[in-house]
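1. Build the 3D model from these lines:
(chains A, B, C and D)
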2 protein chains.
Amino acid sequence: MAVAKAARVSPSTVSRSFNHPGLVSPATRKRITRAVEKLGYIRNRAAQSMHGRRNATIGLIVPTIDHAIFAEVIQSFSDSIDRAGFTLLIASHSYDLDREYAMMRKLMEHRVDGIALVGFEHSDASLRLLEQQGTPAMALWNYAPDSLLPCVGADNREAGRIAADHLLGFGHRDIGLVFPRPDGNDRASARLWGARDRLSAAGVPLIADWQWEASYSIAQAKQVAQDLLRRAHRPTALLCGNDVIAQGVIYGAQSCGLRVPEDISVIGIGDFKGSAEMEPGLTTIRIPARSIGEIAGERFTDLITGASEDHFRICCPLECIVRGTARPL
Amino acid sequence: MAVAKAARVSPSTVSRSFNHPGLVSPATRKRITRAVEKLGYIRNRAAQSMHGRRNATIGLIVPTIDHAIFAEVIQSFSDSIDRAGFTLLIASHSYDLDREYAMMRKLMEHRVDGIALVGFEHSDASLRLLEQQGTPAMALWNYAPDSLLPCVGADNREAGRIAADHLLGFGHRDIGLVFPRPDGNDRASARLWGARDRLSAAGVPLIADWQWEASYSIAQAKQVAQDLLRRAHRPTALLCGNDVIAQGVIYGAQSCGLRVPEDISVIGIGDFKGSAEMEPGLTTIRIPARSIGEIAGERFTDLITGASEDHFRICCPLECIVRGTARPL
DNA sequence: GGATTTTATGAAAACATTTGCATTACTATT
DNA sequence: AATAGTAATGCAAATGTTTTCATAAAATCC
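-> Residues are numbered from 1 along each chain as shown, chains lettered A, B, ... in the order given. Model prediction:
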């Protein structure tokens, strides 16, 4: 900080004038400010963090950035922590829990003030690492009343149930399920279990032949739909693990000459950007990504700065958005 | 580093064993490694960076994360620099150049090793700041043969031209243009100029009434399309500034009872995720987001580590993807 | 107007790491 | 066997900032 010492004060005073402006006289403060501007000084957060001081940096590890729903939550989380003066360090692991561990280490090398993860399913090593390093952590996107980590998210099991309910309410009994692979993805598996629960409870048999797998890609879902809809005996409704799959399924149906919802009903989960504007609009269970990101950012920065203490667990409400892709039998 | 000194060596040796493993004998190296594992030591990148040493951190400033096309390029850029051992610090400015400047300062406080920006349009203050701080910088997404910053991207003007060409080649003369606001967004404005150039060159008059503005949102584009298509005299083809707008426009047309491409042709720019799978598939100009991000990451890390010196300017080729939404008159 | 409190500032230690220089202990070379 | 050369390590200084403690100056009190 020899630089701003050109204001003829000691480094200590410069530091104070940044962090506790009240402690330095207006005159010197002005002199420092002028020197800072003149020299184009930018303070060094790295050097700060060496004193156990905060870095003003939060690490976020997501399965992938390149997916509508995560993009939305990343954006709002980023905006939210930005308001509290924090910057986002981001890493993705492509649904690979070992890579998640590696990313966590990487973020820790940068001494982030906290790490936000997606969901509850993490390797033991990761959890141990967090514990051992004492890094504040939270889970985004999922909610559970008894979660180990503080969390802000929705109840995915409930989402599956609501979707199933909606279809059942319309009198559907022949319901097919199209979901992403459940391993390493507790969102998908919770939704799947929720849906199955509700269907079983209603006495609807789960036909093994009507359970399909599609990853998070429109193309693959479209393919799956094309395969399944060409069969002789097909469901009257399709419950999809997320809106991307639902969109793919609808395109697949259309390309087979089937009309949605006249020939087949489709319901998604998520309410991603664009789902409302489709023709017909996608009936889906809305997961409020924007507010999840925003609330998570607020709560997490509060927790980090010590503004609040508690182990928060916040459940963001789901909503069944009735549009045009599902209709009564 | 008193911690790993439990391996009975000096801090210097530990540091060397991390950064120049060749300089320390295999025996001690092993001893150090064991101690590191036992104590769960994670090295402190912040402390490194205080020696003018690199941070292994790259800052990326995008207009928004929450947009298919940026999400894709962010993802591939992130993966690419990750391979070189770097981590991504991300910030977004919502198409506000003053906020971009603020974000740049924020990233500089963290002493990032380099800053990647989207496009060429930046405030003078931002450019001056980069210059003054000597931070390596690059432009993502755009290409220009004479760009100030090193760049990896596509020629957006050319994209507009190709799109116009495709429509002209199909015999269309009554062509409407739907674009995002061009200010602070040189991608959009370059495309718009490219398209207009080509249309003028072909002797097609630009009807003021057929130039519409829609931001990057399906909903708004849908609205615009609904308004314009209800008029008596309407174009036979719509050239859209990007695929999101094109998608919105198509939904808008469908909701007005018009069929695409029978009643109206639509062409987009970008080839975003999902454009291929629509029904009908969206005819568009493909901008190779994945390879832009990947190449940019490679070149930029090379430049930062000093592996290569040159002021790179890389033009990624565009491609006209002919699908089903545009057809000959 | 001296004693006491308050306010403003500086000096120095601390943080975790890197690096140039010095040192020690070997290994070749003659 | 002596010399030069090399390999492995340590010492100490340096990095930019914060913080504790000390000091100096000014303001307040009776």
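
2. how about A:Trp141, what does it touch?
-> The neighbours of A:Trp141, taking CB atoms under 8 Å, 6 or more residues apart in numbering or on different chains as the test, are A:73, A:118-119, A:152-154, A:187, A:292. C-beta coordinates here come from the backbone N, C-alpha and C atoms, glycine included.

3. Residue of the stretch 101-250 of chain A nearest chain B, please.
-> Going by CB to the nearest CB, chain B is nearest to A:Ile218 of the stretch 101-250 of chain A, at 4.3 Å.

4. got the phi/psi numbers for that residue?
-> Torsion angles at A:Ile218 (phi, psi; degrees, to the nearest 10) stand at phi -60, psi -40.

5. Against A:Asn156, how distant is it?
-> 21 Å (CB to CB, to the nearest Å).

6. More neighbours: which of those two?
-> Between A:Ile218 and A:Asn156, counting by other CB atoms under 10 Å in any protein chain shown, A:Asn156 is the more crowded of the two (27 against 24).

7. thought that one was touching A:Leu192?
-> No: in this structure A:Asn156 lies outside contact range of A:Leu192 using CB atoms under 8 Å: 9.1 Å.

8. and A:Leu89, that one's in a helix?
-> No: counting by DSSP: H, G, I helix; E, B strand; the rest coil, A:Leu89 falls outside a helix, being strand.

9. Count the residues that sit near the closest residue to it other than its chain neighbours.
-> Nearest residue to A:Leu89, sequence neighbours excluded (CB to CB, 6 or more residues apart in numbering or on different chains): A:Gly59, at 4.6 Å. Using other CB under 10 Å, A:Gly59 has 25 other residues around it.

10. now A:Gly59, what's its secondary structure?
-> Under three-state DSSP, the three-state class of A:Gly59 is strand.

11. ok so, going back, what's the closest of the contacts of A:Trp141 to A:Ser15?
-> Taking CB to CB as the measure, A:Ser15 lies nearest A:Val152 of the contacts of A:Trp141, at 35.0 Å.

12. and the closest residue to A:Leu229 other than its chain neighbours, what is it in contact with?
-> Spatial nearest neighbour of A:Leu229, chain neighbours left out: A:Cys256 (4.9 Å); criterion: CB to CB, 6+ apart. By CB under 8 Å, 6+ apart, A:Cys256 lies in contact with A:225-226, A:229-230.

13. cutoff 10 Å now
-> A:225-230, A:234, A:263-264 (CB atoms under 10 Å, 6 or more residues apart in numbering or on different chains).

14. Out of the residues you listed, give me the one that has the most neighbours.
-> A:Ala225 leads the contacts of A:Cys256 on contacts (other CB under 10 Å) with 30 neighbours.

15. From what I see, that one and A:Arg231 are in contact.
-> No: applying CB atoms under 10 Å as the test, A:Ala225 and A:Arg231 come out as separate, 11.2 Å apart.

16. where are the low-confidence patches of chain A?
-> Applying pLDDT under 70 to chain A picks out residues A:2-3.

17. Pull up the residues of it that are close to DNA strand D.
-> Residues of chain A lying close to DNA strand D by CB under 7 Å from any atom of the strand are A:1-3, A:11-12, A:14-16, A:18-19, A:43-44, A:47-48, A:50-51, A:53.

18. Now for A:Asp98: which residues touch it?
-> So A:Asp98 contacts A:123, A:125-126, A:184 (CB under 10 Å, 6+ apart).

19. What are the boundaries of the helices in the stretch 151-300 of chain A?
-> Secondary structure of the stretch 151-300 of chain A by DSSP state H, counting those that start in this stretch: the helices cover A:156-169, A:186-201, A:218-229, A:243-255, A:289-305.

20. From the contacts of A:Trp141, pick the one nearest A:Ala27.
-> Distances from A:Ala27 to the contacts of A:Trp141, taken as CB to CB, are shortest for A:Val152 (46.1 Å).

21. Residues in a beta bridge with that closest one, which ones?
-> Beta-bridge partners of A:Val152, counted by DSSP bridges, are A:Leu140, A:Ile314.

22. which residues touch it?
-> A:73, A:77, A:116, A:138-143, A:291-300, A:312-316.

23. Quick check: buried residues in stretch A:312-325?
-> Within stretch A:312-325, the residues that count as buried by 16 or more other CB atoms under 10 Å in any protein chain shown are A:312-313, A:316, A:318, A:320-321, A:323, A:325.

24. Using JSON lines, lay out those together with distance to DNA strand C and secondary structure.
-> Listed next are the buried residues of stretch A:312-325 as JSON lines, based on distance: CB to the nearest atom of the strand, whole Å; DSSP: H, G, I helix; E, B strand; the rest coil:
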{"residue": "A:Phe312", "distance to DNA strand C": "29", "secondary structure": "coil"}
{"residue": "A:Arg313", "distance to DNA strand C": "32", "secondary structure": "strand"}
{"residue": "A:Cys316", "distance to DNA strand C": "38", "secondary structure": "coil"}
{"residue": "A:Leu318", "distance to DNA strand C": "44", "secondary structure": "coil"}
{"residue": "A:Cys320", "distance to DNA strand C": "51", "secondary structure": "strand"}
{"residue": "A:Ile321", "distance to DNA strand C": "50", "secondary structure": "strand"}
{"residue": "A:Arg323", "distance to DNA strand C": "54", "secondary structure": "coil"}
{"residue": "A:Thr325", "distance to DNA strand C": "55", "secondary structure": "coil"}
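
25. could you dump those to TSV with distance to chain B?
-> Listed next are the buried residues of stretch A:312-325 as TSV, based on distance: CB to the nearest CB, whole Å:
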residue	distance to chain B
A:Phe312	24
A:Arg313	26
A:Cys316	18
A:Leu318	21
A:Cys320	20
A:Ile321	14
A:Arg323	12
A:Thr325	13
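
26. just those now: which is nearest B:Leu206?
-> Using CB to CB, the shortest approach to B:Leu206 within these belongs to A:Arg323, at 37.2 Å.

27. What does the closest one show for phi and psi?
-> According to degrees, to the nearest 10, A:Arg323 has phi -120, psi -140.

28. repeat for A:Val118
-> The phi/psi pair for A:Val118 (degrees, to the nearest 10) is phi -100, psi 120.

29. Hmm, it is touching A:Ala137, no?
-> No: A:Val118 is beyond contact range of A:Ala137, at 11.7 Å (criterion: CB under 10 Å).

30. Next, show the common contact partners of the two.
-> Common neighbours of A:Val118 and A:Ala137 (CB under 10 Å, 6+ apart) are A:Ile61.

31. tell me the contacts of A:Thr87?
-> Per CB under 10 Å, 6+ apart, neighbours of A:Thr87: A:45, A:55-58, A:78, A:81, A:112, B:59, B:89-91, B:103, B:106-107, B:109-110, B:112.

32. related to what we said a few turns ago, of the contacts of A:Val152, grab the buried ones for PyMOL.
-> In PyMOL, this line selects whichever of the contacts of A:Val152 come out buried by 16+ other CB under 10 Å:
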select buried, chain A and resi 73+77+116+138+139+140+141+142+143+291+292+293+294+295+296+297+298+299+300+312+313+316
